[in-house]
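J.: Curious how this folds, go ahead:
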Amino acid sequence: MQWHVGVDVGGTFTDFFAYEVETRATHLYKRPSTPDNPAEAIIAGFDELCEGFDINPRDVVAFAHGTTVATNALIQRRGGKVAVLTTKGFRDLLEIGRQIRPHMYDLHRDNPAPLVPRDLVWELDERIGADGSVLKKADVEALQEIAEALEQRGVSAIAVCFLFSYLNDEHECLSAARLAELCPRLLLSLSCEVQPEFREYERLSTTVLNAYLQPVIKTYLDYLEAEIEKRVGGLGVGIYQSSGGLMSLSMARRFPARTALSGPAAGAVGAVHSARLSGKRNIITLDMGGTSADVSLIDSDELTITYERTVADFPVRMPSVDIHTVGAGGGSIAWIDLDGLLKVGPYSAGAEPGPACYGRGGTEPTVTDANLYLGRLPGTGLLNGRMTLDRDLAEKAISELAARLSVTPREAALGILGVVSANMVRAIRVISVEKGHDPRDYALLAFGGAGPLHASDVARALGIDEVIIPSAPGILCAQGLVVSDQKEDFVRTLSLTLSDDSLAAVRACFEELLAAAGHWFERERIPPARRYLLPRFDMRHKGQNFELPITLPRRNAAEGVDIEDTETLAVAFHEMHERSYGFHNAQDPIEIVNLRLTAIAEGEIDLVVRAERPNGSTPEPFDVRPVVFGGEELDTPIYNRDSLSPGVEIPGPAIIVQLDTTSVLAPGDRARLDEALNLIMKVAP
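T.: So this is what the prediction gives:
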């Protein structure tokens with residue numbers, strides 16, 4: 001047998017999805033996360049998965065992991081001790097940044113302190129010109145003194161970022177080679193490898209983040225690899241990237257900054273796969289877990305990729321799935337602000353102690369407590385009863401909040417759900433309305449442990465009339481890991497005006513990128529039939545500060561990348577400009593800033609979920625209990641999702657429970673199970 005396992009670590013639960021290639025058997029498993037060392041939950045969960053479902057660990061042929069270690073290290077400032085080596089005269093670049101306030105209307109909020117203090121920034125006398133020529137050779141002899149200082153200061157990693165090294169990396173490579181000789185244990189991050197493109201501050205910031213995370217990720221992956229090796233010798237482990245693809249352990253150790261949004265990106269990929277099974281191509285994803293909610297927009301099956309974002313308030317210039325995150329999860333704490341108004345999140349009870357109803361010492365009211373108090377969560381608990389919930393503790397926490405607000409406990413609980421839904425609605429508007437997309441043109445695909453609980457309310461507020469709930473919504477991120485492609489991104493800064501005269505330079509640059517992609521395919525031993533390419537252009541009108549990404553269709557690597565004319569690119573740019581800004585000027589000259597090429601090793605798993613249950617009549621609910629909707633308590637039927645057959649329609653109000661989540665149908669909603677076992681909900685206006 002050949003089992004493929006995906007594991008996603010969340011703030012509250014660690015999720016497992018196992019798939020066997022020949023029999024198409026699937027197994028789902030969840031266990032509480034271990035925040036102090038996420039690998040402990042992974043290893044313990046892997047053992048429990050294999051034992052519980054009689055899987056021989058030696059039959060596991062692929063193991064894919066979405067990690068939050070990098071993100072948590074940045075948020076908690078628990079990375080390594082890092083130094084910087086930069087061009088003489090640029091020592092203060094990290095401090096200066098862009099000279100932009102982090103919040104325009106908050107005069108008291110500062111940018112975060114740099115991850116590298118000024119006394120750990122060294123300058124090297126060298127200079128590459130704006131055309132890539134060597135203006136002054138690097139003084140590598142000066143590195144002897146710098147290396148001694150690094151050893152004395154206990155520096156574990158260094159970021160090397162020289163001016164214009166994206167055009168000529170000679171000096172960075174020479175310096176790195178010399179430092180490796182002088183300090184063999186020093187971890188190196190070179191900007192020419194991390195992200196070789198223009199914009200000096202963002203390139204330096206990204207390289208520093210990469211160096212800061214290297215010691216943490218190395219320790220984590222070394223432990224994880226060693227423990228997996230004990231159980232499954234020689235198993236290939238894939239680590240998920242923010243851009244929506246897998247990379248090897250060795251690449252993850254070198255470029256940990258690529259994992260900053262690892263888990264949410266896997267969820268988006270899993271969402272695309274599930275939606276495609278039901279014939280849906282345009283979706284908005286809502287991944288609501290225990291700590292946060294992640295939303296993204298999928299247009300025609302394609303993930304939206306962004307190259308500029310902040311992680312833990314630091315700018316990162318790397319490809320990542322365009323995901324917007326808000327502190328709205330099942331564990332989000334309800335509190336009263338100084339203005340006397342109810343707020344929910346971003347603070348979370350997490351896995352320990354968790355919501356009050358977990359009975360682990362938590363006393364503050366959370367979204368989960370509100371759902372339990374209003375009857376929307378089963379009194380038998382979560383995970384098919386393996387995790388009990390105490391309604392009395394939830395009521396106590398909510399009653400204390402209600403007393404402070406001078407409202408009834410029911411009103412307080414409904415207020416908590418209303419506020420957390422409003423937070424998610426605002427997040428969806430950021431990735432839709434603010435970018436020229438009407439959310440009413442999309443279906444809402446809800447997943448995560450808490451997403452289906454709130455999907456109906458969120459969709460109704462946005463005017464979305466259809467909600468898709470996958471067969472295993474609480475495990476979708478882990479499932480996305482199993483069906484994911486392997487990816488590597490390449491970039492070259494070009495900076496030339498789009499015209500017929502520039503075609504030769506564009507083609508020559510793509511030849512360089514194609515050669516680099518070819519080397520990667522060979523190094524990773526990707527069969528020719530699975531090799532694909534995705535070309536992208538960063539383009540702008542001359543004089544603009546920021547670019548728009550123009551993506552060409554995916555193609556087999558054997559076809560190469562042939563740019564026949566400039567008219568197609570110009571039309572695509574004008575359409576994107578119109579959508580983004582509401583206008584375009586066809587007469588203004590267009591500038592190509594960067595050429596990008598994504599090399600894709602298409603996934604081997606064709607995970608098709610089809611119903612084995614025959615179409616049948618509406619099942620009888622296994623329970624009926626009072627549930628509060630809009631302030632009114634209604635006797636609501638409770639169904640087990642495993643009892644539903646394709647084609648059967650369930651009218652709301654109703655609650656549908658399963659291992660990994662609970663789906664709520666409000667009065668007037670209707671839901672049916674389709675042939676792909678996705679629950680399709682029609683939302684009442």
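J.: only C-alpha atoms for contact and neighbour calcs from this point on.
T.: Will do.
J.: which residue sits closest to Ser495, ignoring its sequence neighbours?
T.: The spatially closest residue to Ser495, leaving aside those adjacent along the chain, is Val593, at 4.3 Å (CA to CA, 6 or more residues apart in numbering).
J.: how many neighbours does the one you found have?
T.: Other residues within reach of Val593 by the criterion other CA atoms under 10 Å amount to 22.
J.: Next one, pLDDT for it please.
T.: As predicted, Val593 sits at a pLDDT of 94.
J.: Mind checking what secondary structure it has?
T.: Classification of Val593 using DSSP: H, G, I helix; E, B strand; the rest coil returns strand.
J.: That one: what's it in contact with?
T.: Residues counted as contacts of Val593 (CA atoms under 8 Å, 6 or more residues apart in numbering) are 493-496, 537-540, 547.
J.: Would you mind checking the average pLDDT for the host helix or strand of Ala334?
T.: Taking DSSP states H and E as the criterion, the element that holds Ala334 is strand 332-336. Average pLDDT, strand 332-336: 93.
J.: Show me which of the contacts of Val593 is closest to Asp59.
T.: Lowest distance from Asp59 to those (CA to CA) belongs to Phe537, with 42.6 Å.
J.: Could you pull up phi and psi at the closest one?
T.: Phe537 adopts backbone torsions of phi -120, psi 130, taken as degrees, to the nearest 10.
J.: again, but for Gly340
T.: For Gly340, the backbone dihedrals (degrees, to the nearest 10) come out as phi 80, psi 10.
J.: and it, what is it in contact with?
T.: Leu405.
J.: where in the protein is pLDDT low?
T.: 11, 351, 381, 383-386, 608-617 (pLDDT under 70).
J.: go again using 50 as the cut-off
T.: Per-residue confidence of the chain (counting by pLDDT under 50) places no residue in a weak region.
J.: In strands, which of the contacts of Val593 appear?
T.: Of the positions in those, 493-496, 537-540 sit in strands, assigned by DSSP state E.
J.: Determine which two of those are furthest apart.
T.: Thr493 and Arg540 (13.4 Å).
J.: More neighbours: the two, which one.
T.: For Thr493 versus Arg540, neighbours defined as other CA under 10 Å are more numerous around Arg540 (23 against 17).
J.: excluding its backbone neighbours, what's nearest that one?
T.: Arg540 sits nearest to Glu547 (CA to CA, 6+ apart), 4.8 Å away.
J.: There's contact between that neighbour and Met539 in this structure, I believe.
T.: Yes - with the criterion set as CA atoms under 8 Å, Glu547 and Met539 qualify as a contacting pair; they are 5.0 Å apart.
J.: Between the two, which has more neighbouring residues?
T.: Neighbours per residue, other CA under 10 Å: of Glu547 and Met539, the larger number sits with Met539, 26 against 18.
J.: and that one, how far is that from Ile590?
T.: Per CA to CA, to the nearest Å, Met539 is found 7 Å from Ile590.
J.: Phe490: what secondary structure?
T.: The local conformation at Phe490, judged by three-state DSSP, is strand.
J.: number of nearby residues for it?
T.: In terms of burial, Phe490 registers 18 neighbours under the definition other CA under 10 Å.
J.: hang on, the earlier thing: which elements pack onto the strand holding Ala334?
T.: The elements that strand 332-336 packs onto, with contact taken as 3 or more CA pairs under 8 Å, 6 or more residues apart in numbering; DSSP states H and E, are strand 342-348, helix 367-373.
J.: Tell me which residues of that strand come out buried.
T.: Buried positions in strand 332-336, judged by neighbour count with 16 or more other CA atoms under 10 Å: 332-335.
J.: Quick one: residues contacting Val430.
T.: When the contact criterion is CA under 8 Å, 6+ apart, the partners of Val430 are His324.
J.: which of the buried residues of strand 332-336 lies closest to Leu221?
T.: Distance to Leu221 across the buried residues of strand 332-336 (CA to CA) is lowest for Ser332, with 29.4 Å.
J.: list the contacts for that closest one?
T.: 290-292, 344-350, 366-367.
J.: The same query, at a cut-off of 6 Å, please.
T.: Contact partners of Ser332, counting by CA atoms under 6 Å, 6 or more residues apart in numbering, are 345, 347-348, 366-367.
J.: Would you point out the most distant pair within the residues you listed?
T.: For these, with distances taken as CA to CA, the pair at the greatest spread is Tyr347 and Val367 (11.5 Å).
J.: if you count what's nearby, which of those two comes out ahead?
T.: With other CA under 10 Å as the criterion, Tyr347 and Val367 differ in neighbour count, and Val367 comes out ahead with 29 against 17.
J.: Tell me the spacing between the more buried one and Pro378.
T.: Here the distance between Val367 and Pro378 works out to 14 Å (CA to CA).
J.: Check Leu496 too.
T.: Using CA to CA, Leu496 is found at 61 Å from Pro378.
J.: Tell me which of those two has more neighbours.
T.: More neighbours surround Pro378 than the other of Leu496 and Pro378, with 20 against 16 (other CA under 10 Å).
J.: which one among the contacts of Ser332 gets closest to Phe314?
T.: Nearest to Phe314 among these: Tyr347, at 20.1 Å, using CA to CA.
J.: isn't Ala654 right next to Asp635, touching?
T.: No - Ala654 sits out of contact with Asp635 when judged by CA atoms under 6 Å, with a separation of 9.1 Å.
J.: The two: who's more crowded?
T.: Neighbour count, other CA under 10 Å: between Ala654 and Asp635, Ala654 has more, with 27 against 13.
J.: Next, the contact list for that one, please.
T.: Here Ala654 is in contact with 636-637, 665 (criterion: CA under 6 Å, 6+ apart).
J.: what do you get for Phe164?
T.: With CA under 6 Å, 6+ apart as the criterion, the residues that contact Phe164 are Ile128.
J.: Go through stretch 289-303 and flag the buried ones.
T.: Along stretch 289-303, these residues count as buried under the neighbour rule (16+ other CA under 10 Å): 289-298, 301, 303.
J.: I misspoke; the intended subject was stretch 172-187.
T.: Judged by neighbour count (16+ other CA under 10 Å), stretch 172-187 contains these buried residues: 172-173, 175-176, 178-179, 182, 186-187.
J.: Mark which of these are part of helices, please.
T.: When the buried residues of stretch 172-187 are checked against helices (DSSP state H), the matches are 172-173, 175-176, 178-179, 182.
J.: can you put those residues in TSV and add distance to Ile431?
T.: Output for those, formatted as TSV (distance: CA to CA, whole Å):
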residue	distance to Ile431
Glu172	37
Cys173	39
Ser175	42
Ala176	40
Arg178	45
Leu179	43
Leu182	48
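J.: Name the nearest of those relative to Val69.
T.: Using CA to CA, Ala176 comes nearest to Val69 of these, at 26.4 Å.
J.: how close does the nearest residue to the closest one once chain neighbours are set aside sit to Met318?
T.: On the basis of CA to CA, 6+ apart, the spatially nearest residue to Ala176 that is not a chain neighbour turns out to be Leu188, at 7.1 Å. Using CA to CA, one gets 18 Å for the distance from Leu188 to Met318.
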